[in-house]
Every structure is written in structure tokens, then in C-alpha cells.
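Trainee: here is the input, now give the coordinates:
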Amino acid sequence: MQTLKYRFLQTLRDHGNMFWGLLYPIILASFFYIAFGDLGKDTWTEIPVALVAEEGETPAALPSVEELDPTEMQGYWQQEPSALFASFIDAMDGELITVSRMTEEEALDALAAEGVEGIFFADGGDGNPALTVGKSGIRETVLSMLLDAYIKNAAMYREIDTEHPERIEEAVGVMREDVSHIREVSLGGKTYETVLEYFFACIAMMCFFGCFTGQKLGEESAANVSACAARRSISPEHKSRAVLADLLVGITVQFVSAIVFLLFLQYVLRISLGGNFFGMAFICLLGAMVGVSLGMVVGGARISAGAKTTILVGLPLFLCFLAGLMFGEMKVIIERNVPLFNRINPAALISDALYYLNIYNDPAALRLRLILLFAFAAVMTLLAFLSLRRTRYESI
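Mentor: Predicted coordinates for the structure are as follows:
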């Protein structure tokens, strides 16, 4: 316990390594936050829109499909298309959009004054509804996707209702189930997608930067590298116990730094990474094991100080670059062309594990990433322990 205590204090007093292991990722994440603007703020929910429809196209005249009994479904999609769309938009009021019924002139004036983000026309002139927007952006894209999805689904259900009316109840049931699933996995209508990949890659980099702490601990276990290690080598303490203490201290310090970093992202920058904090903490623990162990292996190696610095700066940054730290689409490009590399890149494994844990619900993909990451962490930790515990010197 005394060894753990003093090694822990020594590690915390190494301000240079603490800067790279904690403060630098915080600074980088802050710049990401500034660059990405209103990340984490509501941008999809309650988008104000105008609906231009005929007077008779009201929700009282035609209920939404979710309000129908099974016995009323047949023939529903054969009714007036503009009335169907108007009932659909009215049913979405408060879910994704805020709907205001207006005349065409009122709607155009509201769009010009930025009072609404878009105008839905129940009858676009060709038998299908239409959308008019004033600019290009996330909200306008969401409105366009909403319209496209409605047109495709309405055409499909109309065909089923005409050719196989006995199957319409089953088809509508599938639609309701899909809508339910979408609402369950939605992240509160916030803009994530590729933007969050930068922060996931930043977390991976933060874990990897434990290699600087590991390097210092590794050098202080190699008597031919530092005077501190030479004094430790002649102490009565068993070498294996000393190396194990160094590993525990390094991993603990980097893991606690990762927890602080996660809390900073969630409670200072207000970035909602997801609801599974303990899952993210476990992934960071595995990442800290990889980073610290890598640093200890390189730190105890018999190579020049310049070569060690080159390896421990260049390798993590290169792997994090491939995981999307500098260019968010890089990991996608590699996945399309060399998917195997993403399975052997620990930084990509950390980023992917966070993605599948918080964003895309795929237990099989998450399980594979965790197994591979755990294997990397176990191998690197064992390698660091074995490479340092039995080192002997003829002279120092």
C-alpha cells in the first residue's frame, strides 16, 4: 500500500503528463464544441411549419391512422390524398413539428419573416403534397425527409389497400411498430450523427494519451534508463510487485482522468453522449489499460528518448486520425474499403463501442468491439508486466 500511495502521488505531481492526459483533451473538446456551435441543443423537435390546406381538410373530418380501429382501416387510404396528408401533419403537431394552418399568402409571409421553417401544401398541384423552405439546413432536411417518407408510405399503403385489403391491418400494424421504435431510440431530437464521432474519437485519444504516464512509469522501472529506476532496482521490494503497482497506478490515474473528462463533456459543455454512463466508463477503463500499457512497454524499451517520443506521439495520433478525430468520415472510408483495419485499431474500437452503446442499438456489434478491445487491453497489460518484471542488469 505504501508503494501504491507514493507512486500515485509521484504520478499526480508530474504536471506535464497530467496536462497531456487530461487538460489537453479538455481543451480540444472545448474547441470542438465552439466549432460545432449548438451541439446538443434541440434542433429537430417542434420545428415550426405552416400547413396550407383546403377548409374541409381538418382532423375532425378525417382522423389520423393511429386513431383508427382495425375495422376502419380498409378503404382509409382511398380517400382524398390532400385530406390524408393534412390529417397526417395535424397528427404530427407537437411530436416533431409545430403546425399552424395558414392561407398560402400568410404562409409565404411567415416563411419570409422566418416565423416558420417550411410550408407544407396538402395539394402540391400534381396529386401529391409539397414542401417549400426558405433555406438549407438541418431542420429543412428533416422536413424534406418527413415529406418523402409520407409520400412513399402512402403510395405503398394505397396499393395494399387496393390489391390486398385483407392485409392492410397487418401493414398498418408494422407502421405503428416502426414509429414506436423510432420514438424509443430517439435521442431527444438532437443533432448527433457524425458530429458526435469527433467527441468519441477525442475520448479515444484521451485514453491513449495515458501512454505518456505509462512511459514515465516504464522508465522508472528500467534501471538502465533513469537514476530513479536504478535506486528502485536495488531496493528490497520485489520487482513484480513494483511493476504491478506501477500498472495499477497508471491505469487508475488515467481512468479517473477519463471519468473527469466524461463529466466535463456532459455537465460543463452540456453534450449528451448517451444515458449509459457506466458503460462508457467501462470502455474508458479498457482504453486506459491499452494506453498506459503501451507507454510502459515503450518507456522500458532500450531505444533512444527521441524514438520513444516519436512512437508515443505519432502512433496514437495516427490511430485516432483513422478513427475520425481530424476527419469524421475517415473511419467510414476505412470501413468501406479495409474493414479489418477498424477491428485492429484500438482507437476505432473505442469510438465504435461508444457509438454502438449510445447511438445505434446493435448489441452484436457492441459485443464484438468490447471483446476485441478487452483482448487488446489484456495483451498490452500482460506484455507491459512481463517486459519489465524480470529485467536484470550486469552493470548500471
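Trainee: show me what stretch 342-354 is in contact with.
Mentor: Outside stretch 342-354, the residues that touch it by CB atoms under 8 Å, 6 or more residues apart in numbering are 197, 200-201, 203-205, 207-208, 273-274, 280, 283-284, 286-287, 290, 316, 319-320, 322-325, 331, 334-335, 341, 365-366, 368-370, 372-373, 376. Just so you know, the C-beta spots here come from the backbone N, C-alpha and C atoms, and that holds for glycine as well.
Trainee: how does it look with 6 Å?
Mentor: The set of residues external to stretch 342-354 that reach it, using CB atoms under 6 Å, 6 or more residues apart in numbering, is 200-201, 204, 283, 287, 290, 319-320, 322-323, 331, 334-335, 369-370, 372-373, 376.
Trainee: from these, which land in helices?
Mentor: 200-201, 204, 283, 287, 290, 319-320, 322, 331, 334-335, 369-370, 372-373, 376 (DSSP state H).
Trainee: can I have the buried ones of these as a PyMOL selection?
Mentor: To isolate the buried members of the ones in helices among the contacts of stretch 342-354 in PyMOL, using 16 or more other CB atoms under 10 Å:
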select buried, resi 200+201+204+283+287+290+319+320+322+331+334+369+370+372+373+376
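Trainee: following element in sequence after the helix or strand Lys5 falls within, please.
Mentor: Assigned by DSSP states H and E, Lys5 falls within helix 2-12. Using DSSP H and E, the helix or strand that directly follows helix 2-12 along the chain is helix 15-18.
Trainee: what's the following helix or strand after that next one?
Mentor: Trace forward from helix 15-18 with DSSP H and E and the next one is helix 24-36.
Trainee: against which helices or strands is the next helix or strand after that next one packed?
Mentor: Going down the chain from helix 24-36, the next helix or strand is strand 47-52, by DSSP H and E. With contacts taken as 3 or more CB pairs under 6 Å, 6 or more residues apart in numbering; DSSP states H and E, strand 47-52 sits against strand 97-101, helix 104-112, strand 118-121.
Trainee: okay, Phe200 and Arg336: tell me how far apart.
Mentor: Separation of Phe200 from Arg336 (CB to CB, to the nearest Å): 19 Å.
Trainee: Leu325: what's it in contact with?
Mentor: 201, 205 are the contacts of Leu325 under CB under 6 Å, 6+ apart.
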